[in-house]
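A.B. asks: return a 3D structure for these sequence lines:
(one chain, ligands or ions: 1)
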Amino acid sequence: MYEGIVQDLIDELGRLPGIGPKSAQRIAFHLLDADDAAVRRLAEVLIQVKDTVRFCEICGNVSAEEKCRICTDPRRTDEVICVVEESKDIVAIEKIREFKGRYHVLGGAIDPIGGVGPNDLRITQLMSRLGSGETTEVILALDPNIEGEATAAYLSRLLGPMELTVTRLASGLPVGGDLDYADEMTLGRAFLGRRSV
Ligand SMILES: [Zn+2]
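C.D. replies: Numbering: from 1, shown residues only. Predicted coordinates for the structure are as follows:
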């Protein structure tokens, strides 16, 4: 334990995903050594991001406006919606430059142990988007792990009776990880080789 504010900093950093106590301590001491301007910039960006960034009211992607750039792009089609867990998955799929449809961000995956059920995800919003009837294919691009599988199974059942094609990414993605861990070529192949469920 360190004194006062230094320990507070380590505690706060330790709450971030993927940062254990050792890393939290290392980052804290890096910040203590860093020059004032750099730390001030970091603090300002953190505050600014909370003040200005919001989530697209259509797809749930992070956005600077009410609707994100992908939802407002007239060159993209409403015929295909790609369902992902997080905004970072959109970044990964956009990199492969194969997809010209829209996205839907669920905000996570079904995880009974972690206490995340279907009602905690943006599934109702997805269903109301599909209600307009413009979409003919839904691609389930969920993480290749247990939670992603559970979510895909749930959504397949839910979407099954609707008049649209539901597809999933082809196998070949590194199992157990996040979608965005896959390199562009692997993800591109999985995307093009997607199959109906
Ligand atoms: Zn959007």
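A.B. asks: who in this structure is up against the ion?
C.D. replies: Residues of the chain lying near the ion by C-beta under 5 Å from the ion: C56, I58, C59, N61, C68, C71. The C-beta positions use only the backbone N, C-alpha and C, and glycine is treated the same way.
A.B. asks: just the strands in this protein please.
C.D. replies: When secondary structure is read from DSSP state E, the chain shows strands at 54-55, 62-63, 80-84, 102-105, 137-140, 165-168, 195-196.
A.B. asks: circling back: show me which pair in the residues of the chain next to the ion is furthest apart.
C.D. replies: Maximum pairwise distance among the residues of the chain next to the ion (C-beta to C-beta): 8.5 Å, between I58 and N61.
A.B. asks: overlap in contacts, those two.
C.D. replies: Jointly contacting I58 and N61 under the rule C-beta atoms under 8 Å, 6 or more residues apart in numbering are C68, C71.
A.B. asks: the helices in the chain, which residues?
C.D. replies: Across the chain, reading from the start of the chain, the helices by DSSP state H fall at 4-14, 21-33, 36-52, 87-95, 123-130, 146-159, 184-192.
A.B. asks: which elements pack onto the second one?
C.D. replies: Secondary structure elements in contact with helix 21-33, counted by 3 or more C-beta pairs under 8 Å, 6 or more residues apart in numbering; DSSP states H and E, are helix 4-14.
A.B. asks: can I get the CA coordinates of the helix it packs on in PDB?
C.D. replies: Extracted as PDB, the C-alpha positions of helix 4-14 are listed here (Å, rounded to 0.1, in the frame of the first residue of the first chain):
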ATOM      1  CA  GLY A   4      -3.000   8.500  -0.100                       C
ATOM      2  CA  ILE A   5      -3.500   9.600  -3.600                       C
ATOM      3  CA  VAL A   6      -0.800   7.300  -5.100                       C
ATOM      4  CA  GLN A   7      -2.700   4.300  -3.900                       C
ATOM      5  CA  ASP A   8      -6.000   5.900  -5.100                       C
ATOM      6  CA  LEU A   9      -4.400   6.100  -8.600                       C
ATOM      7  CA  ILE A  10      -3.300   2.500  -8.500                       C
ATOM      8  CA  ASP A  11      -6.800   1.400  -7.300                       C
ATOM      9  CA  GLU A  12      -8.500   3.300 -10.100                       C
ATOM     10  CA  LEU A  13      -6.100   2.000 -12.800                       C
ATOM     11  CA  GLY A  14      -6.600  -1.500 -11.400                       C
END
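A.B. asks: least confident secondary structure element in this protein?
C.D. replies: The helix or strand of the chain with the poorest confidence is helix 184-192; it has a mean of 87 (mean pLDDT, DSSP states H and E).
A.B. asks: what residues of it count as buried?
C.D. replies: Neighbour counts using 16 or more other C-beta atoms under 10 Å place L187, G188, R189, A190, F191 of helix 184-192 among the buried residues.
A.B. asks: let's have the residues you listed in JSON lines, adding distance to V105.
C.D. replies: As requested, the buried residues of helix 184-192 are exported to JSON lines (distance: C-beta to C-beta, whole Å):
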{"residue": "L187", "distance to V105": "17"}
{"residue": "G188", "distance to V105": "21"}
{"residue": "R189", "distance to V105": "23"}
{"residue": "A190", "distance to V105": "19"}
{"residue": "F191", "distance to V105": "17"}
